[in-house]
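Colleague: how would this look folded up:
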Amino acid sequence: MFVNFCLLLTLLTRTVENATLEEKVLFMGSMIDTSVRPCDDFWNYTGGKFDKTFFNGWRAGFYQSLLSDFGVSNQFASIRKIRQIYSNCNPQEFPLIAVEYTYEQTAEFLAREFHDVKFPVHMDQLRDNEKYAAILARVYKCLFERGSSVFRKIFDYHSISRIAFKEPENTGSGASKWAAYCAAAECQRPVGYPERYKYSPKLLNVSTQAFVNTVFGTAVNVSEFRYQSRSYLINNLFLEIFDNRKQYDTCEDYIILNFPLHTTKLMVDNIKRNWTVFQQLKDEYFTMVNLLLDEAKKFVRENKVMEKEAIEVLGDLLDQNKFLFVDHPIFDDENFERYTRDVLVELPQASRLVNSYRPILNYEREHGGKHVRLMTQVLNAMHTKTNQLNSFDFGIFLYPLYDVNWPPTLTLSGMGFVIAHEIGHTFLKAQNLSTSLYENYECIKKLYEGQCSPREPDFCIDPGMTYEENLADQIGIRWAYAAFKTYSLHKQLLPRTTSRVLNAMSDDQLFFLNLGQLMRFMTPTWDTYGDGDSHSPDVVRLYGTLSNFPAFANAYGCLANDTFVSKKPCPILLKETKEDKSLWYKYTRLP
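Modeller: Take a look at the predicted model:
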């Protein structure tokens, strides 16, 4: 704890681009639990002493410095307004559950906004398709302007021209909400509306009448179901407009979550103050991309297990991969001033989508409608399968995950692995492409079977649900490690660390140590994992990835009976090299 405290004091005096290798090494060393044997429990060996409060403290200090530094981006009126909110924020009030408007205030707003519509709506009001669509659009508009969670992942899906509308939860009668609304709007009907119907509103339209008839083998009148489903959908969405309770841990958290576009602009401008470092960051990022993509293409095109058709299809998909960097054109000073000057600050929580998403739409409307995903400050990355586009949020470029001055042992096992993982999603849904890929699919599912919570032995992951992320981990580690080895064939792996503990490790051991510590920042954990999660819990990801990778066992001298050597290994589309007797030139005796 003393080491972490000293390190925290050191780091808070620096900006992210000055986070030195020595600081990274100190941080890595503070996480290691040397009482644990790596081959028995690599999770606790690499991070048994991990202090998440230290990490959160450093990030909070970084954001605090960024928001308080008037030398960064203060020429923009929108940034100055946000800094004013931050300066007025009282950290003693946090953690805070923020509620920006009461049910009564929302009810009065809705009574004005929908003066021509009486809620709860009944199916008889929604038989006309155009009227139904108009009411539904107005409800969604209110939800957008109130920052509702029905627009979750809006930045993620933006790049593929997709809007992710969350289906509303079944809120029951919502008695207190309806009571508030009816007091303001003078409801004439009894409060109540149909329960959820089994037929999805997405399916129940005129064009699917034949579909429903085919399913049941007889003519079915779906019109009433359709209208009932419409009223269910609209009434539940209407109730969600009342919801505006959100929790924030710190003042910095409040600003970052409610102004993601503006705080990302601050981070971009902060690192651009040293243009050399920014250009170095960009150059190294694309150097890693090229190294890793070369390894991926080599893995596919020289593969001796996959069928010819699968090799051709996946090879073509890899050729289509493109990579975004954090310098989105909306962050250019002229564009940023133009599209963000009208920032709304009275209700930051409710206005978060209007303030951060609408400017992007306005920018794209005037520049040809090209959809590009906005990279925010979170720890996240994304591969879009429709266009093979890869993007990485700014949080991945920050200490302690990355710095341009670190050696490839750390960069390729950190950000390099994240990049390789996203490239691995090129294999999405490829298991049905050929026999070998389907066999690999079954093999990986078996590898992850029986991975259960240590506290709840009956709560286990679904290896079918998590397959695509597990596959990306499996091939991602192979490509990242191969790129690391390819690099070392041509250049020395400098600089070396000055830590006695870390300097005693081989380059391979440092590579896997950093990867293991990276997994500590991944989600979900066992505490947050749910049945529908596509990612395995962090500890399962580490175990599955490394126990099935012989290079890890070789690096640490693990034996066949060690815990971190899988008892049901999956070769990941590789086969053993065997002798080829046709290569043998048989010498004969001269006469």
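Colleague: count of neighbours near Asp249?
Modeller: By the measure other CB atoms under 10 Å, the count of residues near Asp249 is 13. Any C-beta I mention is one placed from the backbone N, CA and C, and that applies to glycine too.
Colleague: could you measure from the nearest residue in space to it that is not next to it in sequence over to Tyr248?
Modeller: Among residues not flanking Asp249 along the chain, Pro95 sits closest, at 5.1 Å (CB to CB, 6 or more residues apart in numbering). Distance, Pro95 to Tyr248, by CB to CB, to the nearest Å: 7 Å.
Colleague: more neighbours: the two, which one.
Modeller: Tyr248 (20 against 9).
Colleague: that one reaches Pro91, doesn't it?
Modeller: No: Tyr248 lies out of contact with Pro91 (CB atoms under 8 Å); the separation is 10.9 Å.
Colleague: and the residue nearest to Asp249, what is it in contact with?
Modeller: Gln247, Tyr248, Asp249, Thr250 (CB atoms under 8 Å, 6 or more residues apart in numbering).
Colleague: could I get the buried residue list for the longest helix belonging to the chain?
Modeller: Longest helix in the chain, counting residues (DSSP state H): helix 275-301. Within helix 275-301, the residues scored as buried using 16 or more other CB atoms under 10 Å are 277-278, 281, 284-285, 288-289, 291-293, 295-297, 299-300.
Colleague: not counting sequence-adjacent ones, nearest residue to the residue nearest the centre of the chain?
Modeller: Against the mean C-alpha coordinate of the chain, by CA atoms, centre = their mean, the closest residue is Asn380 at 3.6 Å. Using CB to CB, 6+ apart and skipping the chain neighbours, the partner closest in space to Asn380 is Asp393 (4.4 Å).
Colleague: now the helices for the stretch 351-500 of the chain?
Modeller: In the stretch 351-500 of the chain, helices defined by DSSP state H, counting those that start in this stretch lie at 352-356, 358-366, 408-411, 415-424, 435-448, 467-490, 500-503, listed in chain order.
Colleague: right, and the helix or strand after the last one?
Modeller: Translated: helix 500-503. helix 507-518 (DSSP states H and E).
Colleague: list the buried ones in that next one?
Modeller: Asp508, Gln509, Leu510, Phe511, Phe512, Leu513, Asn514, Leu515, Gly516, Gln517, Leu518.
Colleague: among these, which one lies nearest to Asp327?
Modeller: When the buried residues of helix 507-518 are ranked by distance to Asp327 (CB to CB), Leu518 comes first, at 24.2 Å.
Colleague: looking at it, the closest one is touching Ser413, isn't it?
Modeller: Yes: contact criterion CB under 8 Å: Leu518 and Ser413 qualify, at 7.2 Å.
Colleague: check what pLDDT the closest residue in space to Thr426 that isn't next to it in sequence gets.
Modeller: With CB to CB, 6+ apart as the criterion, Thr426 has its nearest non-adjacent residue at 4.9 Å, and that residue is Leu317. Leu317 carries a pLDDT value of 96.
Colleague: ok, Leu136 next?
Modeller: So Leu136 comes in at 89 (pLDDT).
Colleague: what separation do you get for it and Asn129?
Modeller: Leu136 is 11 Å from Asn129, by CB to CB.
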